[in-house]
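Undergrad: Mind looking at a prediction? Sequence and model below.
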Amino acid sequence: MFADKSTHYYLKTSAICLTIIAAGVVTAFLVYTRALLIPLVISIFLYTILAQMTLHLKQHFHFPSWLALTVSILLGILFFTAVILFTTSSVGDFLKGAEVYRQNLITTITDLSTRLEPHGIKLDQNFLESYLRELPVFDWLKNMGGRLFSVISNITLIILFMTFFLFGSKRTRPVTNPAIKEMLANVSVYLSVKLMASLITGIIAATILLGFQVKLAVLFSLFVFLLNFIPSVGSMLAVLLPIPVLFLQYGFSTPFFIVLGLLAATEFIIGNLIEPRFLGEGMDLHPVTVVASLIFWTLVWGVPGAFLSVPITASVKIVLSKIKHTRVVAEFLAGRLPH
C-alpha cells in the first residue's frame, strides 16, 4: 500500500516536472523562431478572414467561387493599401512638423515654470529645455529604415504564405475534424467581429479628431483601429495616445476634454455594449486568462503577440478541451474550476 502511494506521488511529480520542462522548451522554441512563426500565424488568421468573406459572398450574393475569392482578395489589398498610404502620409506630416512640436513643448514647459514659481516651486528650465532639444525620439523617427525593412520583409513572408494557402485550398479536402472546425469557426467569427468593430471605431475616432482639427488625426485613428485588437489595455491606450498632442494644441481647455470624452465614450459603447452582442460568449476565456495570455504572448512575440494573444489562446483551449487528460486545463482557462 505504501509502495503504491510512493509510486503514485513519484509519477505525479515526474509528470509535473516534465510538463514544466516541456513548457520551457516550447516557449524557447517560440522565441527562437518568432521571425518565421509570427508571419505564419498572421497569414493563417488573415486566411480565415478571407475564407469567411469568400463564403459570405458565395452564400448571400451567389457569387461563383473564383469571383468570390477574387473580390475578397481585391478588398483585402485595397484595405491594406489604404492603411499604408494613410500611415505614410501621417508620419510624413508629423516629421515635417517635428521641430514645431518640440518648440511647442518647450514653450509649454516655460509657461508651466512661470506659473509654478510664485508658489515656491522652481523648475530647472535650462536643463529641461536642453533635454527636450536633445530628445532622441525625433531622430529615431527619422531613422526608421531598419524597422521599415523589417516590416516589409514580414509583409513579404505573409503574402508568400497567403499565396500558398490560397492555391493549396483548392486541392485540400474539406476539414472534418471537429476540433479544427470549431477552432476555425471561433477564430473566424472573433476576427471578423473584431475587424468590423475596430474599423467602425477607427472611422468614428477619425471623424472626431478631424472635426476638431487635431494634428496627426489620421495616424491616431489608425492606432485606434489597431489597438482595439489588443484585449483589455488596447482601448485605454487608444484614448490616452492623443493626449500629448491635444495638450500642445488646446491645453486644458474645453476642446481637450470634449475630444477625450468622445473618444472614451466611443471605445466604451462599441467595446462593451455593441461588440459583445455579436460575439456572444466570445472565445470562452476567463478575463484573467485573457490578461495572462496578453502578458505571455507580449513577452514571447512582442507587439504582434499582443494582437494575436486571444485567438491563439482560444485555439489552444479548444485543442486541450478535445483531449481527455487536458480537459481540466481547458475548463480552467474558461474560468470553470473543478469541484
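TA: On my side now, so go ahead. As the structure is a computational prediction, the values presented were derived from the model and not from experiment. Numbering: from 1, shown residues only.

Undergrad: Could you report the neighbour count for A292?
TA: 15 (other C-beta atoms under 10 Å). Yep, even glycine has a C-beta here, placed from its N, CA and C like the rest.

Undergrad: Against K322, how distant is it?
TA: 22 Å (C-beta to C-beta, to the nearest Å).

Undergrad: Quickly list the domain ranges of this protein.
TA: Listed domain ranges for the chain are 1-32, 46-172, 183-279, 283-339 (source: automatic domain parsing).

Undergrad: which residues touch N228?
TA: K194, A197, S198, T201, G202, G234, S235, A238, E267, G271 (C-beta atoms under 8 Å, 6 or more residues apart in numbering).

Undergrad: closest to V316 among these?
TA: Among these, K194 lies closest to V316 (C-beta to C-beta), at 18.2 Å.

Undergrad: Mind telling me what element the closest one is part of?
TA: helix 178-211 (DSSP states H and E).

Undergrad: Packing partners of that helix?
TA: Applying 3 or more C-beta pairs under 8 Å, 6 or more residues apart in numbering; DSSP states H and E, one finds that helix 178-211 makes contact with helix 34-60, helix 217-227, helix 254-268, helix 275-279, helix 287-321.

Undergrad: Of all the ones you listed, which one comes closest to V83?
TA: Ranked by C-beta to C-beta, the member of the helices and strands packed on helix 178-211 that lies closest to V83 is helix 217-227, at 6.6 Å.

Undergrad: now the helix or strand following that closest one: how far from the chain's centre is it?
TA: The element immediately downstream of helix 217-227 (helix or strand, assigned by DSSP H and E) is helix 233-240. Chain-centre distance of helix 233-240: 11 Å, with C-alpha atoms, centre = their mean, to the nearest Å.

Undergrad: Can you pull out the low-pLDDT segments for the protein?
TA: 1-5, 8, 87, 90-102, 104-105, 119-153, 167-177, 179, 279-283, 338-339 (pLDDT under 70).

Undergrad: please redo it, this time with the cut-off set to 50
TA: 1-2, 145 (pLDDT under 50).

Undergrad: picking that back up, let's have the domains of the chain in JSON lines, adding distance to P39.
TA: Formatted as JSON lines, the domains of the chain follow (distance: least, C-beta to C-beta, whole Å):
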{"stretch": "domain 1-32", "distance to P39": "14"}
{"stretch": "domain 46-172", "distance to P39": "4"}
{"stretch": "domain 183-279", "distance to P39": "16"}
{"stretch": "domain 283-339", "distance to P39": "9"}
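
Undergrad: in the stretch 51-200 of the chain, which spans are helices?
TA: Using DSSP state H, counting those that start in this stretch, the helices of the stretch 51-200 of the chain run over residues 65-96, 98-116, 125-133, 137-142, 145-168, 178-211.

Undergrad: what angle separates the longest one from helix 65-96?
TA: Between the axes of helix 178-211 and helix 65-96, defined by axes from the mean of the first three to the mean of the last three C-alpha atoms, to 10 degrees, the angle is 40 degrees.

Undergrad: Number the chain from 360, please
TA: Renumbered: residue one is now 360, and that last one reads helix 537-570.

Undergrad: So which bits of helix 537-570 are buried?
TA: 542-543, 545-554, 556-557, 559-561, 563-565, 567-568 (16 or more other C-beta atoms under 10 Å).

Undergrad: closest one to L525 among the helices and strands packed on helix 537-570?
TA: So among those, helix 393-419 is nearest, using C-beta to C-beta, at 7.4 Å.

Undergrad: Return the distance of the closest one from the chain's centre.
TA: Distance of helix 393-419 from its chain centroid, counting by C-alpha atoms, centre = their mean, is 16 Å.

Undergrad: Touching, I401 and I517? I think so.
TA: Yes: counting by C-beta atoms under 8 Å, I401 touches I517, with 5.6 Å between them.

Undergrad: what touches both of the two?
TA: With C-beta under 8 Å, 6+ apart, I401 and I517 have no common neighbours.

Undergrad: Report the contact partners of P423.
TA: P423 neighbours (C-beta under 8 Å, 6+ apart): K417.

Undergrad: phi, psi of it?
TA: phi -70, psi 160 (degrees, to the nearest 10).

Undergrad: Kindly report the same for H645.
TA: According to degrees, to the nearest 10, H645 has phi -70, psi 150.

Undergrad: residues in contact with the nearest residue to it once chain neighbours are set aside?
TA: Once flanking residues are discounted, H645 sits nearest to G694: 3.1 Å by C-beta to C-beta, 6 or more residues apart in numbering. If a contact means C-beta under 8 Å, 6+ apart, then G694 has L644, H645, P646, V647, T648 as its contacts.
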